[in-house]
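> Curious how this folds, go ahead:
(4 chains)
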Protein chains: 4
Amino acid sequence: MTTNKSKEDSEKDLKSLRKIRNTTSRATVKKLENIIYKKFKVLDHGFVRLIDYMGDDSSIVQAARVSYGKGTKKINEDKSLINYLLSHRHSTPFEMNEIKLHVKLPIFVARQWIRHRTANVNEYSARYSILEKEFYIPELKHMQTQSSVNNQGRGEKIDKENALEKRHIIKKHSESSFEKYSYLLNENLVGETLDLNNIGLARELARMTLPLNAYTQWYWKIDLHNLMHFLSLRFDQHAQYEIRVYADVILEIMKKWVPFTYEAFLKFRLDGFSLSSVGLEYLKSILKNKKFDTKRISKRELNEINSKFDL
Amino acid sequence: MTTNKSKEDSEKDLKSLRKIRNTTSRATVKKLENIIYKKFKVLDHGFVRLIDYMGDDSSIVQAARVSYGKGTKKINEDKSLINYLLSHRHSTPFEMNEIKLHVKLPIFVARQWIRHRTANVNEYSARYSILEKEFYIPELKHMQTQSSVNNQGRGEKIDKENALEKRHIIKKHSESSFEKYSYLLNENLVGETLDLNNIGLARELARMTLPLNAYTQWYWKIDLHNLMHFLSLRFDQHAQYEIRVYADVILEIMKKWVPFTYEAFLKFRLDGFSLSSVGLEYLKSILKNKKFDTKRISKRELNEINSKFDL
Amino acid sequence: MTTNKSKEDSEKDLKSLRKIRNTTSRATVKKLENIIYKKFKVLDHGFVRLIDYMGDDSSIVQAARVSYGKGTKKINEDKSLINYLLSHRHSTPFEMNEIKLHVKLPIFVARQWIRHRTANVNEYSARYSILEKEFYIPELKHMQTQSSVNNQGRGEKIDKENALEKRHIIKKHSESSFEKYSYLLNENLVGETLDLNNIGLARELARMTLPLNAYTQWYWKIDLHNLMHFLSLRFDQHAQYEIRVYADVILEIMKKWVPFTYEAFLKFRLDGFSLSSVGLEYLKSILKNKKFDTKRISKRELNEINSKFDL
Amino acid sequence: MTTNKSKEDSEKDLKSLRKIRNTTSRATVKKLENIIYKKFKVLDHGFVRLIDYMGDDSSIVQAARVSYGKGTKKINEDKSLINYLLSHRHSTPFEMNEIKLHVKLPIFVARQWIRHRTANVNEYSARYSILEKEFYIPELKHMQTQSSVNNQGRGEKIDKENALEKRHIIKKHSESSFEKYSYLLNENLVGETLDLNNIGLARELARMTLPLNAYTQWYWKIDLHNLMHFLSLRFDQHAQYEIRVYADVILEIMKKWVPFTYEAFLKFRLDGFSLSSVGLEYLKSILKNKKFDTKRISKRELNEINSKFDL
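Predicted coordinates for the structure are as follows:
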């Protein structure tokens, strides 16, 4: 039987990893060295853990200038160049930085996440190894109904009684799935007595019974440009809550890593606003106190603009 | 409630699609026109369906030559250029052809498949829509044990009694998962009476209870170079049976599409053989009747060579 | 010696290609069939020529819905779905369409163009073939000085006398480069008498003398999503004139190909406007008649906003 | 006028960069720290300079195992896992390592190099900056004729007299191109007296007169998997000499970086050998002393096999 190393072992390993002190001439970020290998908890059993990184804010500047040395430029000029690059969508200098994370996440979240094809991924293989008995069970406040306005989102909180009952169903179902998984494998993962006549099924088949809230894990590496793209989609209010919480943690890591880029990213992307040509005309009509036929603009954009500008 | 169109409707649609006769000056392949939109069944509920294609064998030749017209070159020269390009790993001319497929497949197969990042994918969204009650249940002959030699493969067939029992467990578990899914959504997908006090959970949450053998579907588009890479990995004996059967069907479609490239692909990839530097020396030692210390070669490569050359 | 087929031949080839009438059940766009294989002239010797395409507006909708058939949805719903997809940056459905072009362009333009890594390219090889005697010589009105405000752009027109002189230099230099190329190859590409003692240099070396305004050509294939990204960068006023004229022609082809997507692309991208968080506040301060410290906003954004909104 | 920093400055910068001693818990490779930022000369004016790297041999193993800690596995097991991964074409663990180089190279080499689309590149912009007066002039022994067997390669050395004459032409042409460049820009890059009536042309236009042997430079970042792909194509005897010398240097850097992977790469790729299905049969026929109709195999493969196996 193939097992994970025990948790105690791995925690010990982590500690010894974090004690390593190598000497390097590479760009190094102190705030990241302080959190390297540390687990940041997400959801009930998930985590994000920084494994490695390449580059800092000044590496972006260096790449943009294809410069020989570190340069004599001042910090202010670096900052303003980063602002310029980000606002003008010069993506290549940001591709020069990389970050590598170890992430534990529910399978249904992993299925959304993997759609970002520009990252490198090594996932824990359920053909090769046995998954652990860990399932995502939502907190009560996250037990919500289907949204009535957004076909792919959720709406109101469900009343407590219903939420408790439904969560109980999810929990029981997760446990029962794992019992079946254990039985099909002919392992005693849940403490059962082994049946001598039971012939175990291959791992690649037995895993079929596991539900989408089972946890998986992977090493995930991405460059800074594509990380920002990932974050701008997954930090968004339209993203599912269960992936957004991962984006939250990663955004905080990014803030420690490349503070100037982080600031520019908030300014020009996360907190910026895009107008369509019609939205532009609508706003102009208000500024100029002219009439505007609101049939020309989509309801959604109209609402967005009105709410953004308190109109 | 968001539902799929009924199956009868979709079959009608398919028929009317297949009756369309457009006129085009683009490269057109008769053998593909004969099967376009047709469903090729895979596993118990899956399928592969050709939606569109771009280019044929001669488009590859044209791109390699960056030629103006169709050229006066003979078929033989085209064939030999394709052989040359493929055996010398000139990948770009093959990237000039594209194929678009509609595929229905179990989620655990989809999770392997999606690792090929060079394709374009639109997957049926379980945040937006409700999945159908369809689960992959292996045939008896595919109920196999874990391989004793390959840590990520399967070995012997399980005896009939055990296989029947385990398959029954998988089947019952699939049904019970779907019942929970239906209840959590507060839909009557399985004919139950709706509970008036039941408040449905959002689709993006309810789907968590579905097992990995539930079916999903997607549109998948890939260029010919990357298709061959996909096929060489997934047609392989080390690939899991449940994805290999899809590769089988797609390989047959490729054969109709680009017969010269297909032939070259068999010759230089699928039926070719790669030797390491040590394997080369080993084979040379046999040809020259010289001694060779087999400790220098890995057991696996030794076995592979001996079996390939009947040594 | 390896030569290009004569131009007369290729024109004949093109005509016969355009006369081909194949029957297909694939999505077909009449307006593209009308221009397929036709050369659209760009600059003095360049062109863009449509070779193939995959999909139309309705294919995007089909992929987004992962639909079985053509569907019963109305054109209006298709249009509004395309607007929704584009404005919400759902990129995958647009990746389901492909276009293949044959482009002839100066090498310095090719070097900018190739930076879009998401396309497939087969370029005419100067290791394998001899380049033609064609060089880009700018029109007088495009002979401009370095911009005084933009470090990577051009400014005023140069006075006629200077422009004529400089253009003459470029022209003579191009011709003299080609003569050297011909001599190094020991070919008589420019009508010279061959020197019997001259031993030709390999093509891969002789090409070193060619200047960056020599023409090259390639087959270029890209999906619609990445095409729009290419166009939004290269249609832009900051792009060099000599690449922008290619973007112009390709945008016109796109308009014929996918009219709904084209319209949405203009509305949400080309003619839209992005505000930073500070730009947003500035605009809000004007709408609300409040004070705003313009030191907080970059000069560039301030000017852009003022000019967009006639402030 | 925008100039490069003087060379003296940049050498000083490099020295101070190399003196930096940061402390890190990241995977660190001593042999790379010893050469970081150092220039390795290539051709007459080119170089390769290591800027940064991510990961080492053990990071590959860690990623493949999605392991928590450094693991208790022994070096031998790491080595054998790397061999296994490489020979079975498991590419993703190798994608977890990155290397960033600063490269100076002739434009015609850059044009081949850039075709590897999986790397990240920031090139020195000739729209923004003025290029230096540096051109690749081949050594006498590299002045070769067109190959008589390979349409895209070179053959015999040219006799000394011819070689000297042709090299002189290339040199003079390079100088004269740069003089024109300087004049068009209205700069005195070559010590000329400035003409007061000369109005300079924009840099993006003036560069058109530069020949393909002018040097450019870029920052280039690539993951280890794609680096090996690049090396297997560019280290190859069919690659042009002028790019192969860069591959040589980079291969040496790779050897210091990931010695186990380097060894496996030689064994299974660079020094391995691929047989087609027909080549396999041919070799088998010799081993079994049976007849084989050599018309069935291509001349090229026949020769390759015979030479590899001394037949």
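> Confirm A:L105 sits in a strand?
Yes. Counting by DSSP: H, G, I helix; E, B strand; the rest coil, A:L105 is found in a strand.
> Pull the contacting residues for it.
A:42-43, A:46, A:113, A:215-218, A:246 (Cβ atoms under 8 Å, 6 or more residues apart in numbering or on different chains). (Glycine included, C-beta is placed from N, CA and C.)
> Sitting in helices, which of those residues do you find?
A:113, A:246 (DSSP state H).
> of all the contacts of A:L105, which two lie farthest apart?
Taking Cβ to Cβ, the two most distant members of the contacts of A:L105 are A:L43 and A:W218; they sit 15.3 Å apart.
> Run the angle between the longest helix seen in chain A and helix B:160-185 for me.
If you go by DSSP H, chain A has its longest helix at helix A:160-185. Helix A:160-185 and helix B:160-185 are oriented at 170 degrees to each other (axes from the mean of the first three to the mean of the last three Cα atoms, to 10 degrees).
> For the lowest-mean-pLDDT helix or strand in chain A, buried residues please.
Lowest mean confidence among the helices and strands of chain A (mean pLDDT, DSSP states H and E): helix A:7-19, at a mean of 74. Of all the residues in helix A:7-19, those buried under the rule 16 or more other Cβ atoms under 10 Å in any protein chain shown are A:10, A:13-14, A:17.
> any chance you could map the strands in the stretch 51-200 of chain A?
A:98-106, A:120-123, A:144-146, A:154-157 (DSSP state E, counting those that start in this stretch).
> hmm, back to that, by neighbours, which of the contacts of A:L105 wins?
A:Y246 (26 neighbours; other Cβ atoms under 10 Å in any protein chain shown).
> what pairs with the nearest residue to it once chain neighbours are set aside across the strands?
Closest residue to A:Y246 apart from its sequence neighbours, by Cβ to Cβ, 6 or more residues apart in numbering or on different chains: A:V42 at 5.5 Å. Counting by DSSP bridges, A:V42 forms beta bridges with A:G46.
> right, and A:V42 touches A:V249 too?
Yes. A:V42 lies in contact with A:V249 (Cβ atoms under 8 Å); the separation is 5.7 Å.
> Need the residues touching each of these two.
Counting by Cβ under 8 Å, 6+ apart, the residues touching both A:V42 and A:V249 are A:V48.
> Got the domain ranges for chain A?
Segmentation of chain A into domains, based on automatic domain parsing, reads A:1-136+A:214-272, A:139-212, A:277-308.
> Off-centre distance for the longest one?
Taking the mean C-alpha point of domain A:1-136+A:214-272 and that of its whole chain, the gap between them comes to 9 Å (Cα atoms, centre = their mean, to the nearest Å).
> my guess is A:L283 meets C:L283, correct?
Yes. Using Cβ under 8 Å, A:L283 is in contact with C:L283, at 7.4 Å.
> Let me have the buried residues of helix A:7-19 in TSV, adding distance to A:I253 as columns.
Formatted as TSV, the buried residues of helix A:7-19 follow (distance: Cβ to Cβ, whole Å):
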residue	distance to A:I253
A:S10	21
A:D13	21
A:L14	17
A:L17	17
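> can you list the residues of chain A near chain C?
A:83, A:87-89, A:92, A:115, A:233, A:238, A:266-268, A:271-280, A:283-284, A:286-288, A:298, A:301, A:308-311 (Cβ under 8 Å from any Cβ of the partner chain).
> Close to chain D as well: tell me which of these qualify.
Checking the residues of chain A next to chain C against chain D (Cβ under 8 Å from any Cβ), the matches are A:T92.
> In strands, which of the residues of chain A next to chain C appear?
Counting by DSSP state E, the residues of chain A next to chain C place A:273-275 in strands.
> Who wins on neighbours among those?
Neighbour max across these (other Cβ under 10 Å) = A:L275, 23 neighbours.
> from the buried residues of helix A:7-19, which two are the most distant?
For these, and using Cβ to Cβ, no pair is farther apart than A:S10 and A:L17, which are 10.1 Å apart.
> How many residues are close by the nearest residue to A:K157 once chain neighbours are set aside?
Sequence neighbours aside, A:Q144 is the residue nearest to A:K157 in space, at 5.6 Å (criterion: Cβ to Cβ, 6+ apart). With neighbours defined by other Cβ under 10 Å, the count for A:Q144 comes to 20.
> repeat for the one 10 residues further on
Using other Cβ under 10 Å as the criterion, A:R154 is surrounded by 21 other residues.
> before we move on, what about A:I130?
Quick note: A:I130 (other Cβ under 10 Å) scores 18 neighbours.
> Assess the claim that it and A:L185 are in contact.
Yes. Using Cβ under 8 Å, A:I130 is in contact with A:L185, at 6.8 Å.
> Would you map the helices across the stretch 1-150 of chain A?
A:7-19, A:30-33, A:57-65, A:75-87, A:107-113 (DSSP state H, counting those that start in this stretch).
> To B:E134, which of those helices lies closest?
helix A:107-113 (17.7 Å).
> Just want the residue of the stretch 51-200 of chain A that's nearest chain B.
A:R154 (3.5 Å; Cβ to the nearest Cβ).
> Leaving out sequence neighbours, find the closest residue to that residue.
Per Cβ to Cβ, 6+ apart, closest to A:R154 is B:A202, 3.5 Å.
> and what of A:A63?
A:M96 is the one closest to A:A63 (Cβ to Cβ, 6+ apart), at 4.1 Å.
> and the one you found, what is it in contact with?
A:55, A:59-60, A:63, A:223-224, D:100, D:120, D:122, D:219, D:221.
> ok, now with 7 Å
A:55, A:59-60, A:63, D:100, D:120, D:122, D:219, D:221 (Cβ atoms under 7 Å, 6 or more residues apart in numbering or on different chains).
> between these, which is closest to chain C?
D:N120 (9.1 Å).
> correct me, but the closest one touches A:T92?
Yes. Counting by Cβ atoms under 7 Å, D:N120 does reach A:T92; the two are 6.4 Å apart.
> the more surrounded of the two?
Between D:N120 and A:T92, counted using other Cβ under 10 Å, D:N120 has the larger neighbour count: 24 against 21.
> May I have stretch A:211-221 as PDB, with CA atoms only?
Extracted in PDB, the C-alpha atoms of stretch A:211-221 (Å, rounded to 0.1, in the frame of the first residue of the first chain):
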ATOM      1  CA  PRO A 211     -17.100  12.900  -4.700                       C
ATOM      2  CA  LEU A 212     -16.100  16.300  -6.100                       C
ATOM      3  CA  ASN A 213     -15.600  17.800  -2.600                       C
ATOM      4  CA  ALA A 214     -12.700  15.400  -1.800                       C
ATOM      5  CA  TYR A 215      -9.400  17.200  -1.500                       C
ATOM      6  CA  THR A 216      -6.500  16.900  -3.900                       C
ATOM      7  CA  GLN A 217      -3.200  18.800  -3.900                       C
ATOM      8  CA  TRP A 218      -0.700  20.100  -6.400                       C
ATOM      9  CA  TYR A 219       2.400  22.100  -7.000                       C
ATOM     10  CA  TRP A 220       1.500  25.100  -9.100                       C
ATOM     11  CA  LYS A 221       3.900  27.500 -10.700                       C
END
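> Alright, calling it a day.
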